[in-house]
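Quick one, structure for this:
(one chain, ligands or ions: 1)
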Amino acid sequence: MDYGMTPDLEEFRLQVRAFVAENAPDIAPKAGVRSAENPHELAVLKDWTRKLFAAGYVGGAWPERFGGRGPAHESERDVVIGEELARARTPAAVQGAANLVSNALIDFGTEQQREKYLPGIRSGELIFCQLFSEPNSGSDLASLRTKATRTDAAGYRVSGQKVWTTNGHWADYGYLLARTDPEAPKHRGISAFIVDMRLPGVDVRPLREMTGTSDFNEVFLDDVELAPDALIGEENHGWVIANSSLGHERSGVGANAVRLRRNVAALVELAGRVTIDGRPAIEDGAVLERLGGLSASVEALSALVYANISRWSGKAERVSDGPMAKLMFSELGVEIARLGVELCGEAGILVEGDPQAVDHGRWQDEFLYARAYTIAGGSSEIMRNIIAERGLGLPR
Ligand SMILES: Cc1cc2nc3c(=O)[nH]c(=O)nc-3n(C[C@H](O)[C@H](O)[C@H](O)COP(=O)(O)OP(=O)(O)OC[C@H]3O[C@@H](n4cnc5c(N)ncnc54)[C@H](O)[C@@H]3O)c2cc1C
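Now for the predicted structure:
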């Protein structure tokens, strides 16, 4: 039994494992959280999303009338599901932003809004993107400048620019933060909205990243007219709503440690196949030292994650728990991917599709993507700041 897991959860794990083995989509594994590369992949991922919801493996915390398990939901099960998806190298549901907006609607939306969006999210039909970050507002998100002004029709007119918008090019709707009161202190003048991405004035421009794929977009909003029911919760409460919806997300924590453990195991196997100066890399003392160190760090991360999960279940979570795990996971991911590329030697620079690429270019893809995790959801510097200031109580 893994530390922190009860026999019940271990039994549940076997059910999930069998479900994943039978239903996982046939999509080549890639590092990180990636967008569909074409309409066919999108359709496959939507179908996978529908199956995950139908099995109760996603959306368990939703109200029962929208298909959730309500109070019977156990958050620890979400951790197990995330771990099993990571273990199988299978994508999670095309949820991402939909997950965030679902939480926002469940906690702050009107009944009409829930009825309008939640069933489509459950069926995999509706894709959402998260329109939070801007070119000059990422770590300091509350400084965002996209503005929403009231119209005579009691709706809003929105103008501004968003960036880093994952899935923006596939999205039906966006979960938007915009400034509604420029005079108020910065955290208090922001509101949350749902934007139909097909409205006039919404311009989505995919970005091509160093991985060679397009996962993110720039989104330009030019006098986009929103109806009154686009507002989520009360006007100027967007900061509270956004933080609350982000705070729900815990299913990834266990998955991250599993992902790294799996990558270290793949590195050990790789080191047995490739050579350094004509000898198997696995016999090289420096390689062994690095593999041993990485393995120890992954186990330390795993122990930290399970300790965090226990504290979180016991409602004794500490402010620096999440940031510590996130910092360790993302920085360790970079080190593991670096060793993978180094072990491939010259072929380490070759990408997927090249006949001479090692493991179909897996290590190059891991290497190029690994940095994204040190930025997404709060950069490593911000994590260290939180640990120092809020965890250790050091001066700001
Ligand atoms: C994979 C991925 C997916 C993403 N998806 C989305 C999405 O769908 N929607 C969305 O809205 N956003 C998304 N983001 C954006 C993400 O939230 C931001 O990248 C992140 O908040 C950092 O903001 P920034 O990129 O503007 O960097 P900045 O905030 O400009 O930071 C630049 C550098 O300065 C450092 N820095 C900043 N402030 C401080 C400080 N106070 N102390 C020390 N160092 C500091 C940072 O650590 C960083 O190294 C995504 C990002 C990634 C990587």
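
residues near residue 25, how many?
15 (other Cβ atoms under 10 Å). (C-beta placed from N, C-alpha, C; glycine too.)

Could you look up the SS state of it?
Under DSSP: H, G, I helix; E, B strand; the rest coil, residue 25 falls in the coil class.

so what's the backbone phi/psi at residue 195?
Phi and psi for residue 195, reported as degrees, to the nearest 10, are phi -110, psi 130.

ok, so what distance separates the residue of the stretch 201-350 of the chain found nearest the ligand from residue 169?
Nearest to the ligand, among the residues of the stretch 201-350 of the chain, is residue 216, at 6.4 Å (Cβ to the nearest ligand atom). Separation of residue 216 from residue 169 (Cβ to Cβ, to the nearest Å) stands at 9 Å.

Next, show the common contact partners of the two.
Taking Cβ atoms under 8 Å, 6 or more residues apart in numbering as the criterion, residue 216 and residue 169 both touch residue 206.

residues contacting residue 338?
367, 370.

which SS state does it fall under?
Assignment for residue 338 (three-state DSSP): helix.

For the remainder of this discussion, apply numbering that starts at 637.
With 637 as the first residue, the last one maps to residue 974.

about what we covered before: I'd assumed residue 845 was in contact with the residue of the stretch 837-986 of the chain closest to the ligand.
Yes. Residue 852 is in contact with residue 845 according to Cβ atoms under 8 Å; the separation is 6.6 Å.

and those two? which has more neighbours close in?
Between residue 852 and residue 845, counting by other Cβ under 10 Å, residue 852 is the more crowded of the two (21 against 14).

contacting residues for the more buried one?
799, 800, 801, 802, 804, 842, 843, 845.

Just the buried residues of these.
Among the contacts of residue 852, those scoring as buried are 799, 800, 801, 802, 804, 842 (criterion: 16 or more other Cβ atoms under 10 Å).

In contact with the closest residue to residue 1028 other than its chain neighbours, which residues?
Nearest residue to residue 1028, sequence neighbours excluded (Cβ to Cβ, 6 or more residues apart in numbering): residue 956, at 7.8 Å. By Cβ under 8 Å, 6+ apart, the contact set of residue 956 is 1022, 1023, 1026, 1027, 1028.

Could you list which of these also contact the ligand?
By Cβ under 6 Å from any ligand atom, no member of the contacts of residue 956 lies near the ligand.

can you pull the contacts of residue 758?
When contacts are counted by Cβ under 8 Å, 6+ apart, residue 758 is found next to 686, 689, 695, 702, 703.

okay but the last one is in contact with residue 696, surely?
No. Under the criterion of Cβ under 8 Å, residue 703 is not in contact with residue 696, lying 9.2 Å apart.

Grab the CA positions of stretch 790-797 and hand them over as CSV.
The C-alpha trace of stretch 790-797 is given here as CSV (Å, rounded to 0.1, in the frame of the first residue of the first chain):
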residue,chain,number,x,y,z
ALA,A,790,-27.2,46.3,-18.8
GLY,A,791,-24.5,44.1,-20.3
TYR,A,792,-20.8,44.8,-20.7
ARG,A,793,-18.4,45.9,-23.5
VAL,A,794,-15.0,44.3,-23.2
SER,A,795,-11.7,45.3,-24.7
GLY,A,796,-8.2,44.1,-24.0
GLN,A,797,-5.6,41.4,-24.7
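
what about it, average pLDDT?
Average pLDDT, stretch 790-797: 97.

what does that stretch rub up against?
Counting by Cβ under 8 Å, 6+ apart, 770-771, 780-787, 812, 814, 816, 829, 831, 837, 854-864, 866-867 sit against stretch 790-797.

try 6 Å
Applying Cβ atoms under 6 Å, 6 or more residues apart in numbering, the external contacts of stretch 790-797 come out as 782, 784-785, 787, 814, 856-864.

do that stretch and the ligand meet?
No. Judged by Cβ under 6 Å from any ligand atom, stretch 790-797 and the ligand are separated, with a smallest distance of 11.4 Å.

Name the residues of that stretch that are buried.
For stretch 790-797, by 16+ other Cβ under 10 Å, it's 791, 792, 793, 794, 795, 796, 797.

Now, the residues you listed that are in strands?
792, 793, 794, 795, 796, 797 (DSSP state E).

And the nearest residue to residue 724 once chain neighbours are set aside, which helix or strand is it part of?
Distances taken as Cβ to Cβ, 6+ apart put residue 656 closest to residue 724, at 4.9 Å, once the chain neighbours are dropped. Using DSSP states H and E, residue 656 falls within helix 643-659.

residues in contact with that helix?
Residues contacting helix 643-659 (Cβ under 6 Å, 6+ apart): 637, 687, 691, 712, 713, 716, 717, 720, 724, 726.

I'd like to know how many residues surround residue 680.
Counted with other Cβ under 10 Å, residue 680 comes out at 17.

how far away is it from the ligand?
Per Cβ to the nearest ligand atom, to the nearest Å, residue 680 is found 21 Å from the ligand.

returning to that earlier point: which of the contacts of stretch 790-797 sit farthest apart?
The two members of the contacts of stretch 790-797 with the most space between them (Cβ to Cβ) are 856 and 864, at 23.4 Å.
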